[in-house]
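[1] Have a look at this prediction, sequence included:
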Amino acid sequence: EGKGRRRNPLHDFKKTGELMLIKLNKTLEVKTKLLNTTEQCAKRCSRNKGLSFTCKAFAYDRVTKRCHWLSFNSLTNGVRKKQDHAFDLYEKKDYVRNCIIGKGADYKGTISVTKSGIQCQAWNSMIPHEH
C-alpha cells in the first residue's frame, strides 16, 4: 500500500489566494517561467531546480500560467503584500511557521526568543549550555 503514489509537493506550502509579494529591496531575487500547474511550480521550488537562490515561496499567475519563484516570503524585510486576483501565493511552511517540531534542527522560522523572552542560544554555540 502507498507504493506508486507520489506525495503532492504542495503539502509543503501555505497557500494565500489572490496575493502577490512586491520586492522593495532590489537584492531579492525572482525567477519566472511558464508552467501548467502549481504542482510543477512547487516541485521546482522544493528542489531549487534551475534556481540560483533558495526558493522560499512562489506565486502562480492563474491567467498566464506563469510561475514566479521567490528568494523571499511575506516575512522578509523589504517586501510588501499586494492583493492581486490573478495570483495565488504559496510560501514554504518551513519559513513561515512559528513552531518547532522535534528538536528544531530543521527550523527556519523567525522565532529567536523563548516563551519568557530570553534570547535563544545559537545552534553552533555551546554557551551558555552544552547540547
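    Everything's here; your move. Numbering: from 1, shown residues only.
[2] which other helices and strands contact whichever strand or helix holds Lys31?
    Using DSSP states H and E, Lys31 sits in strand 30-34. Judged by 3 or more C-beta pairs under 8 Å, 6 or more residues apart in numbering; DSSP states H and E, strand 30-34 is in contact with strand 66-70. In short, each C-beta sits where N, CA and C put it, glycine included.
[3] Strand partners (parallel or antiparallel) of the strand it packs on?
    According to DSSP bridges, strand 66-70 has the following sheet partners: strand 30-34 (antiparallel), strand 57-61 (antiparallel).
[4] Any buried residues in the first one, and which?
    Spelled out, it's strand 30-34. For strand 30-34, the neighbour count (16 or more other C-beta atoms under 10 Å) marks Lys31 as buried.
[5] Give me the residue ranges of this structure where confidence is low.
    Within the chain, the segments meeting pLDDT under 70 span 1-4, 98-110, 131.
[6] picking that back up, can you give the contact residues for the strand holding Lys31?
    Strand 30-34 is contacted from outside by 23, 50-53, 64-71, using C-beta atoms under 8 Å, 6 or more residues apart in numbering.
[7] who touches the residue nearest to Lys43 when sequence neighbours are not counted in this structure?
    Leaving out its chain neighbours, the residue that sits closest to Lys43 by C-beta to C-beta, 6 or more residues apart in numbering is Pro9, at 4.4 Å. Residues counted as contacts of Pro9 (C-beta under 8 Å, 6+ apart) are 39, 42-43, 46.
[8] how close does Pro9 sit to Lys49?
    Distance check for Pro9 against Lys49: by C-beta to C-beta, to the nearest Å, it reads 11 Å.
[9] Return every residue with contacts to both of these two.
    Joint contacts of Pro9 and Lys49 (C-beta under 8 Å, 6+ apart) are Lys43.
[10] Can I get the longest strand along the chain in PDB, CA atoms only?
    What stands out as the longest strand in the chain, according to DSSP state E, is strand 79-92. The C-alpha coordinates for strand 79-92 follow below in PDB (Å, rounded to 0.1, in the frame of the first residue of the first chain):
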ATOM      1  CA  VAL A  79       8.700  43.000   0.900                       C
ATOM      2  CA  ARG A  80       5.200  44.300   0.500                       C
ATOM      3  CA  LYS A  81       2.000  42.300   0.100                       C
ATOM      4  CA  LYS A  82      -0.300  43.200  -2.800                       C
ATOM      5  CA  GLN A  83      -3.900  42.000  -3.400                       C
ATOM      6  CA  ASP A  84      -4.000  40.600  -7.000                       C
ATOM      7  CA  HIS A  85      -6.800  38.500  -8.300                       C
ATOM      8  CA  ALA A  86      -4.600  36.800 -10.900                       C
ATOM      9  CA  PHE A  87      -2.100  35.300  -8.300                       C
ATOM     10  CA  ASP A  88      -2.000  32.700  -5.600                       C
ATOM     11  CA  LEU A  89       0.900  32.900  -3.200                       C
ATOM     12  CA  TYR A  90       2.500  29.700  -1.900                       C
ATOM     13  CA  GLU A  91       5.000  30.000   0.900                       C
ATOM     14  CA  LYS A  92       7.200  27.200   2.200                       C
END
